[in-house]
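> Sharing a model prediction with you, sequence too.
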Amino acid sequence: MRRIVLSSKDQELVIEAGKSEQRYWQDIWAFRGLFYFLAWRDFLVRYKQTVVGVAWSVVRPVLTMLIFKFVFGRLANVDSGGVPYPIFVFAALLPWQFFATALAECSNSLVVNANLVSKVYFPRLIVPASSIIVALVDFGISCLILAALMAFYGFVPGPGVFLLPLLVVFTFLASMGAGLWFAALNVRYRDFRHIVPFVVQLGLYISPVGFPRELVPDHLLFWYSLNPMVGVIDIFRWAILGSEFSIYWPGFWCSIVLVAALLMLGIRYFRKTERTFADVI
């Protein structure tokens, strides 16, 4: 990193060409106040001056659950393993809705904050990271809905439910990894604002949300698990619904590897393209 110092009698101007990787992560900590501000602003913008408001976070997952109940529970007569079907679906909707909301918010975050990105220096990684906080709020509301469903059906979760905080972190990293790719690509190629909703919609039906993983033929199961959300949904169901729902461990470890690779490569690509954001946004 080149460092040029221009000094006079009373003042010293320091011009640094580029920042080291260590300095960049130190700057993220130094700008943590901006992270809190952006997260709080996104929360207010999402729910302020809306007709439905926070209730939308209740309506959306409930409607999705009812549609899946009619299509898979009634028409397809899918076996939910002895668990009430609404609870069976909601245990999978928790990670999926979190991932889908976080991915959508993260991918559009830089474009939405174009004025800030193009005028002021700060580590741009703060913008997509802070946008995911809104998804955490929706996740918390969905957890309350699931608790209400369990109370209604008299269902007691298994001891694995205490692993939920770790699973939330894992889902956060999965959405962050994919979101960084889409956020960086969306700055240069605005077509991605149309691609992300399509990917989210398609992913809802190809992931085991409305049906059990066991419906997938054994010879296709590993390839099916290349969708990283398969392993995430699998272990969420196991944690919430109990040990009668087995985990496909090759798929789970595959999800861990894919999420780690997606996150590391996403950060690398984001950092590589970050210096051009202000010019093309």
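That came through, no problem. Numbering: from 1, shown residues only.
> How about residues contacting stretch 75-94?
61, 64-65, 68-69, 72-73, 139, 142-143, 145-146, 149-150, 153, 155, 207-212, 215, 233, 236-237, 240-241, 244-245 (Cβ atoms under 8 Å, 6 or more residues apart in numbering). C-beta here means a position set from N, CA and C on the backbone, and glycine is covered the same way.
> In three-state terms, how would Arg124 be classified?
coil (DSSP: H, G, I helix; E, B strand; the rest coil).
> Please report phi then psi for Thr276.
phi -100, psi 0 (degrees, to the nearest 10).
> which ones are touching it?
Arg188 are the contacts of Thr276 under Cβ under 8 Å, 6+ apart.
> gap between it and Phe35?
Distance of Thr276 to Phe35, computed by Cβ to Cβ, to the nearest Å: 22 Å.
> before we move on, the earlier item: give me the buried entries from the contacts of stretch 75-94.
Buried subset of the contacts of stretch 75-94 (neighbour count, 16 or more other Cβ atoms under 10 Å): 61, 64-65, 68-69, 72-73, 139, 142-143, 145-146, 149-150, 155, 207-212, 233, 236-237, 240-241, 245.
> doesn't Phe122 make contact with Leu34?
Yes: with contact defined as Cβ atoms under 8 Å, Leu34 reaches Phe122; the gap is 5.9 Å.
> just for the protein, where's the confidence low?
1-20, 49-54, 243-244 (pLDDT under 70).
> All the strands of it, in order from the start?
2-7, 12-17 (DSSP state E).
> In helices only, show me the contacts of stretch 75-94.
The helices, defined by DSSP state H, take in 61, 64-65, 68, 139, 142-143, 145-146, 149-150, 153, 233, 236-237, 240-241 from the contacts of stretch 75-94.
> just checking, Pro250 touches Ser225?
Yes: here Pro250 lies in contact with Ser225, judged by Cβ under 8 Å, at a distance of 6.7 Å.
> the more surrounded of the two?
Regarding Pro250 and Ser225, a neighbour count based on other Cβ atoms under 10 Å identifies Ser225 as having more, with 22 against 12.
> nearest spatial neighbour of that one, skipping sequence neighbours?
Gly251 (3.1 Å; Cβ to Cβ, 6 or more residues apart in numbering).
> Now do the contacts for the one you found.
213, 221-222, 224-225, 230-231, 234.
> mind redoing it with 6 Å?
Contacts here follow Cβ atoms under 6 Å, 6 or more residues apart in numbering; on that basis Gly251 touches 225, 230-231.
> just Ser118 next, same as before
Ser118 sits next to 278, 281 when contact means Cβ under 6 Å, 6+ apart.
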